[in-house]
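**Q** Let me see the structure of the following:
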Amino acid sequence: MDVSITKSISVYPKLVSDDPPKILTLSNLDRQCPSLMYMVFFYKSFDNGQYSIDSVFSRLESSLEATLSTWYPAAGRLSFSDGDDGKLLLNILCNNAGAILVQAVTQVKISDLGDLSVYNDFFENLVFKPATTTTTTTDGNITEMPLLVAQVTKFECGGYSIGMGSSHSVFDGISAFEFFKAWARESQLGGSKGAEAVVHERGKALLLLQNIEINPHSTISNNNINPTAIHHLYQLISQKQQQQALLITSDDDQETNNNTDIDLVFKTFRVSSAMIQSLRDKAAFGGDNPQKTDKLLSCSSFQLLAAHLWKVRTKALGVERERKVCLQFAVDIRKKMVPPLPKGFSGNGYVLASIITTAGELEEQSHRYIIERINETKNSINEEYVKAYIKALQAQEKGTTSTLPPLPELTVVSDWTRIPFHTVDFFGEEAVYASPLIPPVPHVAYFMQNPIHTGAVDLRIGLLPSLLPHFSHHFLNI
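**A** Now for the predicted structure:
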């Protein structure tokens, strides 16, 4: 199944200032992952198939020009600037270097791809991947990497896909969705009417926190320096190092004990609304304790499924009972700050929250108990935690920690159930499906809205092939 690229251009903001290029100073939250995050939007057709690929491409080009006039950092390039301590810091040079827009065609029909919610290697051909490396080393060429790339592909059936790639240093999930929606509005006749203002500056919101000293009496972590999420990672790393020191294995065994992300296969599991309700009923009565009806269970579908995923994944891995296991999930901090981050904030506005226990305790704990811990942990995230989190990331950038080794005891979940990517309506048509591709951190699991089945949630997760039968049985057997 081939995809042929027929055109590739650079797209620049329609309105360009005469002022010299400026530096947009990033927060430490933005600097965590400058890599491009890819997503493919599938559409049955545009205007009932009346548009040619050339006219679609032309409209996408002109509407992107208009959109980049407001979302101008996406047309810039990453840049290294001198920090106060002489250390090089990653920022964005708003130099209007342009985004990349690619036109492609294929003889494949969308129906040939089957269920679009199921990850398919073919999807990787529907996005443009620059040759530029995505390393954060100062001697690499990350400063040449476009921060936004898009590829429109016409299928044999008349359908289209629009594959997007955007740097995580520019957008998080929420702001990426707002950018895609803004571009889609511009693509429609009449353009974007009543578009909301966008705030790109991180200054007053987050940058000042990078130089704030942490309260030494803070209880946000056990070591008074790192927030809980970072401290829990250190515990898992220490546990792994102790295990490796004790292991005396053959080369074959050592290879087995060091499975890397390359070994993962990516699967989608659909959880219907009926399954979610069944799991909610089970959790509401304390799981194995049907007498526990003293108070109502209030939780989101994400909290419910995150608890279920953590238990099932840990069981499928066969983690020894005494070993520590950890659940981490992103928390939106836009309304957690004092004052809240401004409406239309376009940068990264999330931190990781974390829960740790042993595999044995996790197996014995009910869904309800874990859900309550998730809820308590989420509600505990405040400005003090965000300060410590940003400070810890700054220390990490100074070289106090190394790249994380594979940590099978760590379950990381991202909640997209409230970000309806399928509603990105280019030319007034909602997507049939919006599929994320393999992320830079492949072991992260995503919960997403299903656009067809009301109330259903799709789980996209990377698993070792040997775990699939066990995981599938226990995750779907609710």
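
**Q** Tell me which stretches of the stretch 301-450 of the chain form helices.
**A** 301-317, 359-364, 367-380, 383-395 (DSSP state H, counting those that start in this stretch).

**Q** give me the number of residues near His473?
**A** Number of residues near His473 (other CB atoms under 10 Å) recorded here: 11. Bear in mind the C-beta positions are built from the backbone N, C-alpha and C, glycine included.

**Q** now do Leu64
**A** 25.

**Q** re earlier: hey, least reliable of the helices of the stretch 301-450 of the chain by pLDDT?
**A** Of all the helices of the stretch 301-450 of the chain, mean pLDDT reaches its minimum on helix 383-395 (a mean of 88).

**Q** chain center to it, what's the gap?
**A** Helix 383-395 has its C-alpha centroid displaced from the chain centroid by 20 Å (CA atoms, centre = their mean, to the nearest Å).

**Q** Then stretch 153-169?
**A** 18 Å.

**Q** same deal with stretch 427-438?
**A** For stretch 427-438 - counting by CA atoms, centre = their mean - the centre lies 16 Å from the chain centre.

**Q** What's the per-residue pLDDT of Asn211 here?
**A** At Asn211, pLDDT is 59.

**Q** of all the helices of the stretch 301-450 of the chain, which lies closest to Gln107?
**A** For the helices of the stretch 301-450 of the chain, the distance to Gln107 is smallest for helix 301-317, at 38.4 Å, taking CB to CB.

**Q** in the stretch 351-478 of the chain, what spans have low per-residue confidence?
**A** 395-403 (pLDDT under 70).

**Q** one step back: quick one: which of the helices of the stretch 301-450 of the chain is nearest Val338?
**A** helix 383-395 (5.4 Å).

**Q** What residues sit buried inside that closest one?
**A** 384-394 (16 or more other CB atoms under 10 Å).

**Q** okay, those in TSV with distance to Ser472 next?
**A** Shown next, in TSV, are the buried residues of helix 383-395 (distance: CB to CB, whole Å):
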residue	distance to Ser472
Glu384	41
Tyr385	36
Val386	37
Lys387	41
Ala388	38
Tyr389	35
Ile390	39
Lys391	41
Ala392	36
Leu393	36
Gln394	41
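
**Q** which of those lies closest to Met275?
**A** Of all the buried residues of helix 383-395, Met275 sits closest to Tyr385, with 33.3 Å by CB to CB.

**Q** ok, so what distance separates that closest one from Gln151?
**A** Distance, Tyr385 to Gln151, by CB to CB, to the nearest Å: 39 Å.

**Q** same thing with Asn120?
**A** Asn120 sits 16 Å away from Gln151, going by CB to CB.

**Q** and the two? which has more neighbours close in?
**A** A count of neighbours by other CB under 10 Å puts Gln151 above the other of Asn120 and Gln151, at 24 against 17.

**Q** tell me the SS of Lys282?
**A** helix (DSSP: H, G, I helix; E, B strand; the rest coil).

**Q** residues in contact with it?
**A** 367, 478 (CB atoms under 8 Å, 6 or more residues apart in numbering).

**Q** Do you know the pLDDT at it?
**A** Listed pLDDT for Lys282 reads 87.

**Q** swap in the one 3 residues further on?
**A** Reading off the confidence values, Phe285 has pLDDT 76.

**Q** what do you get for the one 3 residues further on?
**A** pLDDT for Asp288: 48.

**Q** do the same with Gln103
**A** Confidence score, pLDDT, at Gln103: 98.

**Q** re earlier: for the helices of the stretch 301-450 of the chain, could you give me a markdown table that also reports distance to Ala197?
**A** Listed next are the helices of the stretch 301-450 of the chain as a markdown table, based on distance: least, CB to CB, whole Å:
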| stretch | distance to Ala197 |
| --- | --- |
| helix 301-317 | 29 |
| helix 359-364 | 45 |
| helix 367-380 | 28 |
| helix 383-395 | 24 |
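
**Q** closest to Val351 out of those?
**A** Counting by CB to CB, Val351 lies closest to helix 383-395 out of these; the figure is 4.5 Å.

**Q** Check which helices and strands the closest one is in contact with.
**A** Where contact means 3 or more CB pairs under 8 Å, 6 or more residues apart in numbering; DSSP states H and E, helix 383-395 is packed against helix 228-246, strand 350-358.

**Q** Just the C-alphas of the first one, formatted as CSV.
**A** If I follow you right, that is helix 228-246. Below are the C-alpha coordinates for helix 228-246, written out as CSV (Å, rounded to 0.1, in the frame of the first residue of the first chain):
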residue,chain,number,x,y,z
THR,A,228,5.5,13.2,44.3
ALA,A,229,5.6,12.1,40.7
ILE,A,230,9.4,12.7,40.4
HIS,A,231,10.0,11.1,43.8
HIS,A,232,8.1,8.0,42.8
LEU,A,233,10.1,7.7,39.6
TYR,A,234,13.3,7.8,41.7
GLN,A,235,11.9,4.9,43.8
LEU,A,236,11.2,2.8,40.7
ILE,A,237,14.6,3.5,39.3
SER,A,238,16.2,2.6,42.6
GLN,A,239,14.1,-0.6,42.7
LYS,A,240,15.3,-1.5,39.2
GLN,A,241,18.9,-0.9,40.0
GLN,A,242,18.7,-3.1,43.1
GLN,A,243,17.1,-5.8,41.0
GLN,A,244,19.8,-5.6,38.3
ALA,A,245,22.5,-5.8,41.0
LEU,A,246,21.0,-9.0,42.3
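
**Q** Quick one: distance of that helix to the chain centre.
**A** Distance, stretch centre to chain centre, for helix 228-246: 24 Å (CA atoms, centre = their mean).

**Q** tell me which residues in it are buried?
**A** 228-233, 236-237, 239-240.

**Q** so which of the residues you listed comes closest to Gly163?
**A** Among the buried residues of helix 228-246, Ala229 lies closest to Gly163 (CB to CB), at 31.4 Å.

**Q** ok, the closest one to Asp415 distance?
**A** From Ala229 to Asp415 the distance is 15 Å (CB to CB).

**Q** ranges for the strands of the stretch 151-300 of the chain?
**A** Secondary structure of the stretch 151-300 of the chain (DSSP state E, counting those that start in this stretch): strands at 160-167, 265-271.

**Q** In the sheet, which strands lie alongside the shortest one, parallel or antiparallel?
**A** For strand 265-271, sheet partners with direction are given as strand 457-463 (antiparallel), following DSSP bridges.

**Q** Same check on the first one?
**A** When pairs are called by DSSP bridges, strand 160-167 turns out to pair with strand 36-43 (antiparallel), strand 148-154 (antiparallel).

**Q** so which of those gets nearest Thr314?
**A** Evaluated over the strands paired with strand 160-167, closeness to Thr314 peaks at strand 36-43, with 26.8 Å, by CB to CB.
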